[in-house]
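**Student:** sequence and predicted structure are below.
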Amino acid sequence: MQRWATSASAFADLLETAAEAMRSSPLRDHCTLRLPRRGRLLATGDIHDNQLHLDAVVRAARLKRSPDNHLVLHELIHGERLVSGMDMSHRMLAKVAELVIAHPLQVHPMLANHEIAQYRGQHISKGAGDNLQLFDAGLDWVYGEDAQVAADAIGAFVRAMPLAVRCENGTMVSHSLPAAAQMQYFDMSVLGRDLVDDDFDSPAGAAYLMTWGRNHSPEHLEALARAWGVRLFIVGHAHASAGIDFRPPNMVILNSDHEQGRVLEIDLAADAPEASSLLGRAMPVQSYFDLDAMSGGDGRGA
């Protein structure tokens, strides 16, 4: 058993080490991560504490095959699988922190509204109770009087995550995009600066608005694309029953947490494809469950 599973100090050390790796990455540009025009990006949607699906997308990313293979992960916590009525998804953060430390230039956790809510103490629910309270109960049960040590480290880890991943080929990956109705409050310059405390809070924080936006019209998506110089937006946040959905003219929505969950491979050396062309190209997460066995057990699937 990993020490972080029972030791708050070990858990904190792990997350703080990963946070520093994210902050100091040569790919980092303020709150944005920038990927060069080479290699391969595996984009995922919400994970929500689905460990089996996380393992599958890590296999699909084939990180050991090339240093130019990248994996973007987001919405890691607050799943539906409770343990004795408690949310134990802090373990998912530890697993991802281990991946960041092992592959600091390839594995890229990204800010999402559930991570921000946990970090800032904002009550949030997916319908099965107050996720904030359920998560805190899990920390208290595992770490007891040292639970705050773990919580502080989670805050540092979340705070270190980029708000968006931008690729030279015109692709941008983010948890969501600001809604049209909130643009009067949104700071369009946020991707070119560091985040401050107010950015994480409602009603006008830039990170808050960026990760909560819904119902994007074609006109709004075109305006954002022009302002940011983007050809293709890949997001999560909204439910996609088939694992992938298309919002014209330039947005693809991915979910990676449910049975129909999908992932999407993007060739970073080529121009970003048309969003409408990607519906048939997304791969089921579950198709990677047995990838190690298919590769002969040589470990290259990881």
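**Tutor:** Here it is on my side, so go on. Numbering: from 1, shown residues only.
**Student:** these two touch, right, residue 247 and residue 215?
**Tutor:** No - in this structure residue 247 lies outside contact range of residue 215 using Cβ atoms under 8 Å: 9.2 Å. Backbone N, C-alpha and C define where each C-beta goes, glycine included.
**Student:** ok, these two, which is more surrounded?
**Tutor:** residue 247 (20 against 10; other Cβ atoms under 10 Å).
**Student:** which residues does the spatially closest residue to residue 157 that is not a sequence neighbour contact?
**Tutor:** Nearest residue to residue 157 in three dimensions, chain neighbours excluded: residue 15, at 4.1 Å (Cβ to Cβ, 6 or more residues apart in numbering). Going by Cβ atoms under 8 Å, 6 or more residues apart in numbering, residue 15 touches 93, 94, 97, 153, 154, 156, 157.
**Student:** any figure for the gap between residue 15 and residue 91?
**Tutor:** 12 Å (Cβ to Cβ, to the nearest Å).
**Student:** beta-bridge partners for residue 108, please?
**Tutor:** Listed beta-bridge partners, residue 108: residue 72 (assigned using DSSP bridges).
**Student:** ok, it touching residue 70?
**Tutor:** Yes - the criterion here is Cβ under 8 Å, and residue 108 meets it with residue 70 at 6.5 Å.
**Student:** still on that earlier bit, out of the contacts of residue 15, what pair is the most spread apart?
**Tutor:** 94 and 156 (13.4 Å; Cβ to Cβ).
**Student:** between the two, which one's more packed in?
**Tutor:** Between residue 94 and residue 156, counted using other Cβ under 10 Å, the more crowded position is residue 94 (22 against 16).
**Student:** doesn't the more buried one fall inside a helix?
**Tutor:** Yes - assessed with DSSP: H, G, I helix; E, B strand; the rest coil, residue 94 lies in a helix.
**Student:** give the helix, strand or coil label for the nearest residue to it once chain neighbours are set aside.
**Tutor:** Excluding its sequence neighbours, the residue lying closest to residue 94 (Cβ to Cβ, 6+ apart) is residue 4, at 5.2 Å. Residue 4 carries the three-state label helix when classified by three-state DSSP.
**Student:** for the stretch 1-150 of the chain, just list every one of the helices.
**Tutor:** Under the criterion DSSP state H, counting those that start in this stretch, the stretch 1-150 of the chain contains helices at 8-23, 51-60, 90-102, 113-120, 131-143, 147-160.
**Student:** mean pLDDT added to those helices, as TSV?
**Tutor:** Formatted as TSV, those follow (pLDDT from 0 to 100):
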stretch	mean pLDDT
helix 8-23	98
helix 51-60	97
helix 90-102	98
helix 113-120	98
helix 131-143	97
helix 147-160	98
